[in-house]
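S.K.: could you work out the structure for the sequence below:
(2 chains)
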Protein chains: 2
Amino acid sequence: MATLIAPEHPSPVADAEGIRNAVQGLGTNEKTIIAIIAHRNAVQRKLIRYAYEEIYQEDLVKRLESELTGEFEKAVCRWMLEPADRDAVLANVAIKQSTSVHRVITELSCIYSPEELLAVKRAYQARYKHSMEEDVAAHTSGDLRQLLVALVGTYRYDGDEVNLKLANSEAKVLHRAIKEEVIDQDEIIRIVSTRSKAQLMATFNRYKVDYGTSITKHLVDDPANQYLAAVHTALHCINNPKKYYEKVLRSALNKPWTDEDEDVDVLTRVIVTRAEKDLREIKDLYYKRTSESLDHAVANAKHTSGDYKAFLLTLLGNQD
Amino acid sequence: MATLIAPEHPSPVADAEGIRNAVQGLGTNEKTIIAIIAHRNAVQRKLIRYAYEEIYQEDLVKRLESELTGEFEKAVCRWMLEPADRDAVLANVAIKQSTSVHRVITELSCIYSPEELLAVKRAYQARYKHSMEEDVAAHTSGDLRQLLVALVGTYRYDGDEVNLKLANSEAKVLHRAIKEEVIDQDEIIRIVSTRSKAQLMATFNRYKVDYGTSITKHLVDDPANQYLAAVHTALHCINNPKKYYEKVLRSALNKPWTDEDEDVDVLTRVIVTRAEKDLREIKDLYYKRTSESLDHAVANAKHTSGDYKAFLLTLLGNQD
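M.R.: Reported below is the predicted structural model:
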């Protein structure tokens, strides 16, 4: 369930006028902007963009980019993009930064449905005039490249039909691949990147039954190795997306402030992309795990403040 | 241009009735079947299937399967399928046979448009309840697997925009990859499988200018090595699809009869899939190259005869 709180029938024209008043003249009224857009769902925001463009003959996102600054600007502008287009931008940023590419690409492949991933790839091409595949391939190398290109490339089967015999045999293949002296990455990549999510769940369950522990526990974890981190991410994303997001948020909010920029990016990305989907369940999981509400953690995080903080908290469902 | 000769407004119901008469009772009238379906385009054939199903409550393709035999049956039934569904079947057969998988998958990735490839992948999932990617991956290994999974996976950028600087640098990368002692397959696979066709054409042209000869000439050819054969196929398919098909037909029609089954498959596949597209130009190229008409070669090939031969010749545009 979503955390976003939106009225049922707001007027796009009134919203466009409200935002126009907030950005025009000296100084910008950030509170008004938050009060409007952080309470509108994707369709409503799209209509505001249409209305704004019709009335003022300019692109609202471009205007917001020039009026706002810092993390607040980034979060607002991403929020205002259509979901597939926003994911295309997030993927492109990740590919260029390369520190988070394994995470963002894996999420798209292992959490999004095949049709959603396809929509992101189309948006990516429309925006950047090349494919997401070629950009991932050109910015990575070795095993990581092989895995990510396979993940982003595969148009997975999305049905429920599961082959239990195959789950059985591929649990064995995975176990052998992991336990050999030299890990057989080819087999791990093949299975994780091409099988349907339902099939993979069956394989992972079988793995647990046959070998007494979950596959993620058996696989070496080494955060410095981006390839291994990507495999872990894939397994977690397939296994339980909400739990995965909870973990990602927890790590961004609680670890020592070494990687501040990336942590802020993660915070923005997860909240902006999940606020209309399953952020409520993610919040519940966060509370169960830490006994602190996610809202409280965001409000007190070292790297959130001012309008940025207010915006995130509104998306998290806080009524002012 | 197509070689198929079809009337403008045939009656699907009259066609369905004509076919019904041809398949009912003792003995089948193959000539009538050819006279109807080998003169109908994809939309017309689909309407015949609808009409036949409505009137006789049975699937026309299944009925034809049970009435006809051998190569004729295979060719007719493939011709009657919707194009994307037919390609899904051809891909599945190739994946299971494994002798022609490198060819069929590469054609889909390097000749078909990204949208056409996607349609085939959707048809594949609808028919087999898993993805083409996982089947390719499960039936191949090593470099060949890596290449084919990347080829079938990539949703290429389909626009005309070309980056000439990139063409320049990737021509160098390819040259280095090919000329090194140990060929760097990773780079070859990355470039060939992910770049847009327009970009690849620019890169290949640049290669020719910089190194004096085309990239296909530089790359070792070893028909026994399926991976190298796949790379060659990809380069030819991207470079000039019609010339590629001409060459494939020539080789199937003229080489000593060692691989007869596969040659017949190739003949059926190319004629059935191209008759409505560009078989006329392929025929012209064939004549230019061999001074023999393709029709004549098909009529006199050792592995064509009877109704199968008559069917192919009709698709090739022969009026009886």
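
S.K.: now do the contacts for residue A:51.
M.R.: A:12-13, A:15-16 (C-beta atoms under 8 Å, 6 or more residues apart in numbering or on different chains). The way it works is simple: take the backbone N, C-alpha and C, and place the C-beta from them, glycine included.

S.K.: so residue A:186 is in which element?
M.R.: Per DSSP states H and E: residue A:186 is located in helix A:185-194.

S.K.: can I get that helix in PDB, CA atoms only?
M.R.: Extracted C-alpha coordinates of helix A:185-194, given in PDB (Å, rounded to 0.1, in the frame of the first residue of the first chain):
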ATOM      1  CA  GLN A 185      29.600 -17.600 -12.200                       C
ATOM      2  CA  ASP A 186      28.200 -18.600 -15.600                       C
ATOM      3  CA  GLU A 187      25.600 -20.900 -14.100                       C
ATOM      4  CA  ILE A 188      24.700 -18.400 -11.400                       C
ATOM      5  CA  ILE A 189      24.300 -15.600 -13.900                       C
ATOM      6  CA  ARG A 190      22.300 -17.800 -16.300                       C
ATOM      7  CA  ILE A 191      19.800 -18.900 -13.600                       C
ATOM      8  CA  VAL A 192      19.300 -15.700 -11.800                       C
ATOM      9  CA  SER A 193      19.000 -13.500 -14.900                       C
ATOM     10  CA  THR A 194      16.800 -15.700 -17.100                       C
END
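
S.K.: widest-spaced pair of the contacts of residue A:51?
M.R.: Greatest spatial distance in these: A:13 and A:15, 7.2 Å, computed using C-beta to C-beta.

S.K.: how far does the helix or strand residue A:84 falls within sit from the chain's center?
M.R.: Using DSSP H and E, residue A:84 sits in helix A:83-97. Centroid separation between helix A:83-97 and its chain, computed with C-alpha atoms, centre = their mean, to the nearest Å, is 10 Å.

S.K.: do that helix and chain B meet at all?
M.R.: No - Helix A:83-97 stays out of contact with chain B when judged by C-beta under 8 Å from any C-beta of the partner chain, the minimum separation being 12.4 Å.

S.K.: can you list the buried residues in stretch A:134-149?
M.R.: Residues A:134-140, A:143-149 are the ones in stretch A:134-149 that count as buried (16 or more other C-beta atoms under 10 Å in any protein chain shown).

S.K.: now the end-to-end length of it.
M.R.: This stretch, stretch A:134-149, spans 8 Å end to end (C-alpha to C-alpha, to the nearest Å).

S.K.: about what we covered before: restrict the helix holding residue A:84 to CA atoms and write it as CSV.
M.R.: Extracted in CSV, the C-alpha atoms of helix A:83-97 (Å, rounded to 0.1, in the frame of the first residue of the first chain):
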residue,chain,number,x,y,z
PRO,A,83,7.4,6.7,-13.3
ALA,A,84,9.1,5.0,-16.2
ASP,A,85,10.9,8.2,-17.2
ARG,A,86,12.0,8.7,-13.6
ASP,A,87,13.4,5.2,-13.5
ALA,A,88,15.2,5.8,-16.8
VAL,A,89,16.9,8.9,-15.2
LEU,A,90,17.7,7.0,-12.0
ALA,A,91,19.3,4.2,-14.1
ASN,A,92,21.3,6.6,-16.2
VAL,A,93,22.6,8.4,-13.0
ALA,A,94,23.5,5.0,-11.5
ILE,A,95,25.2,3.8,-14.7
LYS,A,96,27.3,7.0,-14.8
GLN,A,97,28.1,7.0,-11.1
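
S.K.: higher neighbour count, residue A:13 and residue A:15?
M.R.: residue A:15 (21 against 15; other C-beta atoms under 10 Å in any protein chain shown).

S.K.: got a pLDDT number for that one?
M.R.: For residue A:15, the model assigns a pLDDT of 97.

S.K.: closest point of the stretch 101-250 of chain A to chain B, which residue?
M.R.: Proximity to chain B, evaluated over the stretch 101-250 of chain A using C-beta to the nearest C-beta, is greatest for residue A:153 at 2.5 Å.

S.K.: looking at it, that residue is touching residue A:134, isn't it?
M.R.: No - Residue A:153 lies out of contact with residue A:134 (C-beta atoms under 8 Å); the separation is 10.6 Å.

S.K.: overlap in contacts, these two.
M.R.: Residues touching both residue A:153 and residue A:134 (C-beta under 8 Å, 6+ apart) are residue B:154.

S.K.: circling back to that earlier point, contacting chain B as well, which ones from the buried residues of stretch A:134-149?
M.R.: A:134, A:136-138, A:145-146, A:149.

S.K.: farthest pair in these?
M.R.: Greatest spatial distance in those: A:134 and A:146, 14.6 Å, computed using C-beta to C-beta.

S.K.: residues from chain A in reach of chain B?
M.R.: Residues of chain A lying near chain B (C-beta under 8 Å from any C-beta): A:118, A:121-122, A:125, A:129-134, A:136-138, A:141-142, A:145-146, A:149-150, A:152-159, A:161, A:163, A:186, A:190, A:193-196, A:199.

S.K.: can I get the buried part of the residues you listed as one PyMOL selection?
M.R.: Taking 16+ other C-beta under 10 Å as the burial criterion, the selection of buried members of the residues of chain A next to chain B in PyMOL is written as:
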select buried, chain A and resi 121+122+125+130+131+132+133+134+136+137+138+145+146+149+150+152+153+154+155+156+157+163+186+190+193+194+195+196+199
